[in-house]
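Colleague: Got a predicted structure here, sequence first:
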Amino acid sequence: MNLVQSSVQNVLTARARLGEGPVWDADQQKLYWVDIYNYRVHQFDPTTGKDRYFDVGDLVSAIAIAKPDQLLLALRDRLAFLDLKTEKIETLKSVKFSHPDTRFNDGKCDPQGRFWIGSISQVPGEAALYRYDPDGSLNLMETGLTNSNGLGWSPDGQTFYLTDSAKRTLYAYPFDGKTGTISDRRVFVNLEDENVEPDGLTIDTAGNIWSALWDGWAVVCFNPNGEEILRVEMPVQRPTCPTFGGPHLTDLYITSASVGLNQKEIQQGFYAGDLFCVSTTVHGMPSYSFKSGV
């Protein structure tokens with residue numbers, strides 16, 4: 001079965017330093033994404049091809065839709081709301097990490113509307129995974145990570161996936177949606193034999209996991225058993241995160257990065273930092289929203 005039905009298209013010349021965290025807004029039919037090191041939250045309209053951005057004044061690594069015209073942001077060391085009408089930022093929770101080079105990284109909402117957010121550290125094992133609940137509490141869910149990255153939930157809500165990019169490993173956990181707990185971690189996929197790092201991921205309704213390969217020039221698709229079934233070749237060295245969008249959630253949007261590339265590498269991957277899209281024959285899972293005020 002062919003899972004893709006078109007070549008990868010460059011849909012936005014963004015030249016982001018570190019494009020990440022794409023989230024599809026099904027109500028507005030628009031894509032939100034971030035440029036971490038340029039402190040920007042972007043809003044892309046596929047119908048018009050226009051992109052606008054909000055300068056949030058700090059590293060911004062992940063977002064979730066909270067209310068109409070309101071996003072939940074993961075900034076360097078705090079969580080905040082961004083009002084898209086006024087562009088005002090309201091800090092919700094600040095975190096003091098154990099090392100100054102540690103910051104928040106990839107995040108996503110679970111089907112119940114809780115925001116899961118990991119950290120990244122230059123010190124091996126110092127990163128962690130947190131769960132931010134609508135009541136304002138921040139809960140420590142996993143420790144011993146180095147680069148907490150791509151995360152998502154299986155279509156039946158029974159399995160939680162988490163990536164530690166530094167370990168080149170995707171993990172799977174049994175997930176209890178009622179309590180929001182994870183347990184019994186197991187290795188789902190290990191890519192230590194390749195010179196790549198799995199980055200952000202998304203999941204389709206068949207339970208396939210689509211993971212961007214940093215330094216791999218590709219997005220790889222694994223079936224629910226962890227077997228590779230497809231690689232979508234990319235025109236850039238550092239794709240960062242895919243998500244499904246479009247009217248039927250069949251369009252796979254992919255962010256990318258230019259940060260850290262030398263001049264030769266940039267010439268080889270001229271479109272580094274741009275936004276891409278490929279049409280698929282599968283349907284993606286929706287981007288869940290934060291249940292603000294519950």
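Modeller: Nice, thanks for sending it over.

Colleague: And the helices in the stretch 1-150 of the chain, which stretches?
Modeller: Listed in chain order, the stretch 1-150 of the chain contains no helices at all (DSSP state H, counting those that start in this stretch).

Colleague: Okay, now the unreliable bits of the protein?
Modeller: Along the chain, segments meeting pLDDT under 70 span 1, 293-294.

Colleague: Centre of it to the edge, which residue is at the far end?
Modeller: The C-alpha centroid of the chain is most remote from K264, which lies 27.4 Å away (C-alpha atoms, centre = their mean).

Colleague: Next secondary structure element downstream of the helix or strand that one falls within?
Modeller: Using DSSP states H and E, K264 sits in helix 263-268. Later in the chain than helix 263-268, the nearest helix or strand by DSSP H and E is strand 275-279.

Colleague: What residues sit buried inside that following strand?
Modeller: Using 16 or more other C-beta atoms under 10 Å as the burial criterion, the residues of strand 275-279 that qualify are L275, F276, C277, V278. Quick note: C-beta positions are derived from backbone N, CA and C, even for glycine.

Colleague: could you dump those to a markdown table with distance to M285?
Modeller: Converted to a markdown table, the buried residues of strand 275-279 look like this (distance: C-beta to C-beta, whole Å):
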| residue | distance to M285 |
| --- | --- |
| L275 | 20 |
| F276 | 20 |
| C277 | 17 |
| V278 | 17 |
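
Colleague: Closest to V196 out of the residues you listed?
Modeller: F276 (17.5 Å; C-beta to C-beta).

Colleague: can you pull the contacts of the closest one?
Modeller: V8, Q9, N10, V11, M234, P235, V236, P239, Y253, I254, T255, S256 (C-beta atoms under 8 Å, 6 or more residues apart in numbering).

Colleague: what about the fourth one, how many residues close to it?
Modeller: Just to be clear, that refers to V11. 19 (other C-beta atoms under 10 Å).

Colleague: ranges for the strands of the stretch 101-250 of the chain?
Modeller: Taking DSSP state E, counting those that start in this stretch as the test, the strands found in the stretch 101-250 of the chain are 103-109, 115-120, 127-132, 138-145, 148-153, 159-164, 169-176, 181-182, 186-190, 197-203, 209-214, 218-222, 228-233, 239-245.

Colleague: closest to A16 out of these?
Modeller: Per C-beta to C-beta, nearest to A16 of these: strand 239-245, 9.0 Å.

Colleague: V278 and D184, how far apart?
Modeller: 34 Å (C-beta to C-beta, to the nearest Å).

Colleague: Out of the contacts of F276, which two sit at the greatest distance?
Modeller: Maximum distance among the contacts of F276 (C-beta to C-beta): 14.8 Å, for P235 and Y253.
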